[in-house]
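Undergrad: Sequence and predicted model, in that order:
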Amino acid sequence: LYFVLEFCAGGELFYHMMQRGHFDESTAKFYFCEVLLGLEYLHSQNVLYRDLKPENVLLDLDGHVRLTDFGLSKESKADPASQLTSFVGTAGYLSPEMIKREGHGKPLDFYCLGCLLYVMLTGSLPHFQGNWDEMFARRVTGESLTYPPWVSAPARDMCDRLLEADPKTRLGSKKGAREIKEHPWVRDMDWEKLFRKQIKPPIDPSKTKKNFSPEFTEKPVEAVKARAMKGAAVAAPKVKEGAFQGWSYVEGPPNSSEPGMPPTIRE
């Protein structure tokens, strides 16, 4: 299996945030809305992302969003009441229901979206004051958030409603992404133009080559040594029919010409 990914020359959204400290509201709103469209599509396919964070939001050469790293993603049942019970995620973006291990559904992704928005607007994680356990406790109890003076009232309300401790009353829990699109803070967004990439992104990565952390770009590339096969060749096991359904290319049988910031938690 060869898994080829598009090269996102714009780097991580996290990198651009670190260069600025935080985004202004118009920049945060653009990337918030593009990420929301990505979550909306995943949820329409009954997939929970479960690891939304700025390190997993990449920018292409034009500055548009690409979501990456689906290692913690999970298919969910179409029934909105169905719950997953595994404990996964990144510490700074864990929702209250994940922390309490009470089961989770699509509203979990909207909590992570609220965390992302709060970080973009303020440069800090919601409820975090230097101690992870205390942060978890504040999230579970739904402690009120604090904001710097430059964050507008509509943006604060969006964060507050996405970071609601109870997933049943969280923004998006009733009508999904459509409910979030109706919030006053994003009411001026032309969603059709955004979907068609007809709105110019606020960050233009093509103007500079410095879109990545030096620890990646300045590290010398080591040649990969070929490994010799030991022992007799073993036939590959039969693959369950339909296992690669939905892939853009599935290779045919042999001799066939037919193309066919914080730690991540896994449990």
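TA: On my side now, so go ahead.
Undergrad: show me the contacts for residue 62.
TA: 10, 197, 201, 204-206 (CB atoms under 8 Å, 6 or more residues apart in numbering). Using the backbone N, CA and C atoms, a C-beta is placed for each residue, glycine as well.
Undergrad: swap the cut-off to 6 Å and go again
TA: With contacts defined as CB atoms under 6 Å, 6 or more residues apart in numbering, residue 62 has no neighbours.
Undergrad: Return the per-residue confidence for it.
TA: According to the prediction, residue 62 has pLDDT 87.
Undergrad: So it versus residue 107, what's the distance?
TA: Plainly put, residue 62 is 31 Å away from residue 107 if you go by CB to CB, to the nearest Å.
Undergrad: And residue 146, by the same measure?
TA: From residue 146 to residue 107 the distance is 23 Å (CB to CB).
Undergrad: try residue 128
TA: Applying CB to CB to residue 128 and residue 107 gives a distance of 21 Å.
Undergrad: higher neighbour count, those two?
TA: residue 107 (24 against 20; other CB atoms under 10 Å).
Undergrad: show me the contacts for that one.
TA: By CB under 6 Å, 6+ apart, the neighbours of residue 107 are 167, 170, 173.
Undergrad: same thing with residue 67?
TA: Residue 67 neighbours (CB under 6 Å, 6+ apart): residue 38.
Undergrad: Following the chain past the strand or helix carrying residue 140, name the next helix or strand.
TA: Here residue 140 sits within helix 132-141, counting by DSSP states H and E. Following helix 132-141 in sequence order, the next helix or strand is helix 153-162 (DSSP H and E).
Undergrad: quick one: buried residues of that next one?
TA: For helix 153-162, burial by neighbour count (16 or more other CB atoms under 10 Å) applies to 155-156, 158-162.
Undergrad: now those in TSV, with pLDDT and distance to residue 53?
TA: Below are these laid out as TSV (pLDDT from 0 to 100; distance: CB to CB, whole Å):
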residue	pLDDT	distance to residue 53
155	98	19
156	98	21
158	98	18
159	98	16
160	97	20
161	97	20
162	98	15
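Undergrad: Helices of the stretch 51-200 of the chain, start to end?
TA: 96-99, 107-122, 132-141, 153-162, 177-181, 191-195 (DSSP state H, counting those that start in this stretch).
Undergrad: Next, format the buried residues of helix 153-162 as JSON lines and append distance to residue 27.
TA: Converted to JSON lines, those look like this (distance: CB to CB, whole Å):
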{"residue": "155", "distance to residue 27": "12"}
{"residue": "156", "distance to residue 27": "17"}
{"residue": "158", "distance to residue 27": "15"}
{"residue": "159", "distance to residue 27": "16"}
{"residue": "160", "distance to residue 27": "21"}
{"residue": "161", "distance to residue 27": "21"}
{"residue": "162", "distance to residue 27": "18"}
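Undergrad: Which one of the residues you listed is nearest to residue 40?
TA: residue 162 (14.2 Å; CB to CB).
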